[in-house]
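Undergrad: Generate coordinates for the sequence data below:
(2 chains)
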Amino acid sequence: MSSCTDYITSRRRFLAQFAGTGALLGMPINRLVAAIGSAHAPKAESVILFWNGGGMSHLDTWDPKPGREVGGEFEAIKTSADGVQISEIFPQLAKQMHHCSIIRSIAGTNGDHGRATYELQTSHPQNPALVHPGMGSFVVNERQKSGDLPAYISIGGMAPRAGYLGQRCEAYYIGLPGERDPYLAFPDGIHHTQGERRLEILAKMNLRTSGKLAARDLKETDVALKDAVALMKSPALASFDLDKENPKTLERYGLTEFGRGTLLAKKLIETGVRFVQVNRGGFDNHMDVFPAMRNHGSVMDPALASLIEDLSASGRLDKTLVIMLSEFGRTPKINKDAGRDHHARVFSCFLAGGGIKGGQVIGSSDKDGMAPENRPVQVADIHASVCHALGIDHTRELTTPLGRPMKLVKEGAKPVAELFA
Amino acid sequence: MSAPVRHLAVLLCSAGIASAEVDFRQQIQPIFENACIRCHGADKAKGDLRLDTKAGFLRGGKHGPLVNTKDYEKSELLRRVKLPRDHEDIMPQETEPLSGPHKNWLTDWVRTGAKWPDGVVLKIRKKEVPGLAEKQFIPEKAPASLAEAAAMADKILAQENAAGKGPQPPVATGIDDLSFLRRATVDLIGRIPASEEIKQFEQTSAGDRREKLVDRLIAHPRFAERWTVFFADMLRVRSQQDGGPQLLAYVNRSVAEGKPYDQMARELIATNGRPENTPAAGFALGDAANPMALAGATSQIFLGVRLQCAECHDHPFDDWKQKEFYDLAAFFGTIKRVEQGKNIKRIYTTEVKETAVKWPPEREQPAKREGVAPKFPFELVNFTTKPHYISRLEERRRPNPTAITGAAAKKALDDLVDGLDVKQTLRDSKQEAAILAEAKAAAASSQDGRSIYAQSEDRKKLAAVITDPRNPYFARAFVNRVWAELVGRGFVEPLDNFSSYNEMRHPQTLQFLAQEFVASGYDLRTLVKTVMLTSAYQRGHLLAGISETEATRAEEAFTATRSRRMLGEVLFDSVSVAGHLLSHKWPEGANVREVKRQIRIPLAPAAMLAAAEDKTTNQPAMMAMAKPGQAPAPYDLEKGATLDFEALLKPEKPGKDDDKFADVLSESKKDLAMNKKMEDDAIEAVRQARIRLLQSGNAERFRLETVTAIVDDNPRFDTTLRMATPAPPSHFLRVFGQPARDNLGEFRDESPSLRQELMMLNGKATHEASRVGPLEPVHHLITGPTANPAKAVEFVYLEIFTRRPTAQELAEAREVISAGKTPAEGLADLRWAMLNSHEFRYLP
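TA: Residues are numbered from 1 along each chain as shown, chains lettered A, B, ... in the order given. The predicted structure follows:
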């Protein structure tokens, strides 16, 4: 098989190596204007990032090339947005496209999974000496959590590391959506009253120790303990549970991990979680790309369409930025194994909600999807745009533990102004 | 403030403090000293301005004051430094304009009130080795024993404290014997003492029971396991990396065998090869054999100097120049990471002819770049008379002529100097022959005609000069780390920042301990024992009611120890020891119960899934669709894969046909051929089956079903000290601060967190440790005819807290026991609370 067949496992291993609160920093309007040249009040409060690992074909999803040989098996279909066409593998999403935007001119620089993943997730090129925080980590560094749940949650795989921001900005990890997290309740066999009694004995013991010692750590441990007990009792925990969902809702999002993960992401955002990353792999289709993409469509289409429909119906879409990223696109040329290989020169990105303008396509690739044709967008511009939607100053300078000044988003990045027109 | 500064640094950065607080000594002083006071100082005072003293700065020059207190942005100081390069008023005039960050720091400093600490007088920078200026308290005479060395260290420390300015710090009393037992056992072998060890300790005569205990502990097999964690943090060992598992096993064996630290450092710095045969090569592979990364890592890890910032520009808050970084990197200039083979990868490091380190730096886009010649940027100390500790080292290292003769002596010396552990791992000539054959064959086939085990003369030289006893950084950097690991705070914090701009406390105590470490032949156990015997180590904590300032002053003066939490690994193992979880504590079948679990039943027909499964890799048909039983089980975050260190260090055995191993390249050709053979019909059939599955729309769909399983819940836990490391991100160990080890200067995060509490309150380990099993000693004290609740309480207090309960605690514990459904369940409640308590987690 192709050279990337074990990529699924190696990516898992890679991500497995990967895995708070922060100062609320409002961005003055004049800086906003400076950033994109127009006044735009940030609306987004939270983000759902769909991370499609492996390099998703742009030609078979957001940037179809009907009538060209490179276009492959799928038709381009009309959508609810005037003049915007997407691949036929997204029939339900097509009806929501008036809420969504596509950028078709991302000019990537890296065709290697590891390095490209790093750049797409952090905006910075990989550096042997320093780990930059992923998107979720730098967002929660700038935005406090609201409610009892952790600020940053990663579903179905590991989110990128928090790097120099430290443990505080790492994602809270959920393996299988809907599966009970055993650490959120007393162990099996310990009933509520017994658990409460245990906590009382513990409180008494701890009070005795903290009464004797002058250690600040003990006070902080007391706070963490109090928060933990509060979380165990919090009604917000119900958001982790999918058992009580209407079976029809579950069916609508899809009876797949991705469908369940997407529904869970929506519930978590509604409970005040700032950043949810939903991970999906299997896009490295060097072989048989069309059946693979057909399957990806059948899994992703109902979930994404239902998410946008539901967020829009509840009025939350404006406050929730939905974004789908992959480390690169795939070659227009279809190889001898009916697959497509890595292609970073141009690829696409899907966004919805969070106050961005829907129903538009920004930039274009050339006729065969080889290179950007109009309005090339740099990778880091995506991160700047996410910051902009949230009202975070993406030019802010942080300091690493070594005292090295480091921009939140790579120097020179600019928000994509058209998104906020 | 009880947390050490290195931990604080992480907090500072994450709060983005850069734009708020400016540290005068670290950030502003270097700017003034490097750029201003040559012209505005004691020698010259151009424009009537002196910037070397606070008074001069406040007075300003002939153009008036430097700071506009009403509108800081209009300050003359800021105006001058922000002018364009060619403006006639720009400052500084005789050197390059200030860099962006420097201007930002000055701005922030002025905005926050331009605070200049009293009494700080600036001098024109002259690069100097920090902390060597004074040595009046260091005795001329060598100590006769480790106990005497420890007493000398305490005396120097007290003299340095007495010579310090300001009020004397409060002094904590020494800890009692049982507290010492607990603290020492945790620090040296990575778990709390077991009840038999407590008994043994109490039966030793009171006079020397502490020293005897330390001797027992440093000889304990777990000493190497525990201190492997220390080295793994320091060296950033990652077992997921190429060569990582072998490097971990190598470190473990080195500690177990008592390999001198200087020898280990030489091996790590200079070794090339394949980690399966030369495990120390894993160190260079950890940084992908990148010369720049290796230069940064080498200086920071082995010398405690953060040279890394100088990779891209002159060091912003130290005296290091970018060129000096390149000079150091040039020692690694010809290293190369090679990857061969397809299915079975062979990765190793070797040397190439042309150096990759070139000057000027690429980012300046120079017309021409030239290879840099290696040059060690650190100065060795020259002595007029040889100090006793170097003579003692030489004496210790002098080959014994009766034991080793002629060629053997030379070989031993070569081993020491070369640091080629390939020689040491070759246990028999057959293996040696196979490896040499491999090297020869690879040399013949590789393009530049060099052996794959080519060693670097440059790196050998670097290793030699780094570990030269006249190098003032090497021994002190290590002693500082070991001291901090045991006492809770280093003489220099952060531990790897030896710099004239960073405060060093008790430089003479550090220098003395470093000298003794050199004289001991760089022996870790001797150093550890010396520290353990000091009264600085044996001090208690300050009691509640004392102010944070006082507490900090005492901890910085080492007159009190800070409250230290057990390392994550140690905490987990201590729970296992306290709860008797290292062996089964229930008879087979005693805990049989039904458990309900949700499982996912694929909607695609079983035959369709089976046909699409890749039999060669045993990959399930769809990656998103894990095989039943492969889904993560609850409590997986408390489990870990244990590595077999011994197996990792066995050189690869030559197979039946030796030539299979002889040629790396031909083997990868064989891999290809085998792959080809498998591909034909079977693989095509799987491919077609996959296509059908993918197009069916059911490839990932499933329904949930709740199933009931019968399990015998009688878990046994392994030590966490031999786990693949670092553990996965949400694992217990990581949650309790085990670093990812990606970054230099990444220390353990000791801060408490909500997730930690959840994992202790509701974790499998604490739960199982609390339950009273019939195969553990306390069982007969709580059930049946021999039951004696008071004895049971005393026993669990000793087992869990390493002390006896007070009368009040005993009374309360008996109430807890009687409130349980059965006395055993009541005792479980008590033990659960004890394991979750502050007293358990924080050292006495």
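Undergrad: who in the stretch 101-250 of chain B is up against chain A?
TA: Residues of the stretch 101-250 of chain B lying near chain A by C-beta under 8 Å from any C-beta of the partner chain: B:Pro101, B:Asn104, B:Arg238, B:Gln240. C-betas here are computed from N, CA, C, even on glycine.
Undergrad: ok, of those residues, which come out buried?
TA: B:Pro101, B:Asn104, B:Arg238 (16 or more other C-beta atoms under 10 Å in any protein chain shown).
Undergrad: where's whatever residue of the stretch 501-650 of chain B ends up closest to chain A, which helix or strand?
TA: Of all residues in the stretch 501-650 of chain B, B:Ser563 sits closest to chain A, at 3.6 Å by C-beta to the nearest C-beta. In the assignment (DSSP states H and E), B:Ser563 maps to no helix and no strand.
Undergrad: In terms of pLDDT, where does it sit?
TA: Per-residue confidence at B:Ser563 stands at 89 (pLDDT).
Undergrad: In chain A, where is pLDDT below threshold?
TA: A:1-40, A:128-129, A:167, A:402 (pLDDT under 70).
Undergrad: For it, identify the residue most remote from the centre.
TA: Here chain A reaches farthest from its C-alpha mean at A:Lys212, the gap being 46.1 Å by C-alpha atoms, centre = their mean.
Undergrad: you'd agree that residue is up against B:Leu542?
TA: No - with contact defined as C-beta atoms under 8 Å, A:Lys212 does not count as touching B:Leu542 (10.3 Å).
Undergrad: Report the separation between the residue farthest from the centre of chain A and chain B.
TA: Per C-beta to the nearest C-beta, to the nearest Å, A:Lys212 is found 6 Å from chain B.
Undergrad: Please give me every residue in contact with that residue.
TA: Listed by C-beta atoms under 8 Å, 6 or more residues apart in numbering or on different chains, the contact set of A:Lys212 reads B:Leu543, B:Ala544.
Undergrad: Pull the number of nearby residues for B:Gly371.
TA: 13 (other C-beta atoms under 10 Å in any protein chain shown).
Undergrad: what do you get for B:Asp215?
TA: For B:Asp215, using other C-beta under 10 Å, the count is 15.
Undergrad: go on, the one 5 residues further on?
TA: Using other C-beta under 10 Å, B:His220 is surrounded by 16 other residues.
Undergrad: again, but for B:Glu148
TA: For B:Glu148, using other C-beta under 10 Å, the count is 15.
Undergrad: part of a helix, is it?
TA: Yes - B:Glu148: assigned to a helix according to DSSP: H, G, I helix; E, B strand; the rest coil.
Undergrad: Check the gap between it and chain A for me.
TA: Counting by C-beta to the nearest C-beta - B:Glu148 and chain A are separated by 33 Å.
Undergrad: and what of B:Lys375?
TA: Separation of B:Lys375 from chain A (C-beta to the nearest C-beta) stands at 21 Å.
Undergrad: just to revisit the earlier point, ok, the residue of the stretch 501-650 of chain B closest to chain A - contacts?
TA: A:Leu213, A:Ala215, A:Asp217, A:Leu218, B:Ser2, B:His541, B:Tyr842, B:Leu843.
Undergrad: Is the lengthiest helix in chain A in proximity to chain B?
TA: The helix that spans the most residues within chain A, counting by DSSP state H, is helix A:289-314. Yes - using C-beta under 8 Å from any C-beta, helix A:289-314 reaches chain B at A:Pro291, A:Ala292, A:Arg294, A:Asn295, A:Ser298, A:Val299.
Undergrad: Would you reformat the residues you listed as JSON lines and include neighbour count?
TA: Supplementary listing: the residues of helix A:289-314 next to chain B in JSON lines, determined by neighbours: other C-beta atoms under 10 Å in any protein chain shown:
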{"residue": "A:Pro291", "neighbour count": "21"}
{"residue": "A:Ala292", "neighbour count": "26"}
{"residue": "A:Arg294", "neighbour count": "23"}
{"residue": "A:Asn295", "neighbour count": "24"}
{"residue": "A:Ser298", "neighbour count": "22"}
{"residue": "A:Val299", "neighbour count": "26"}
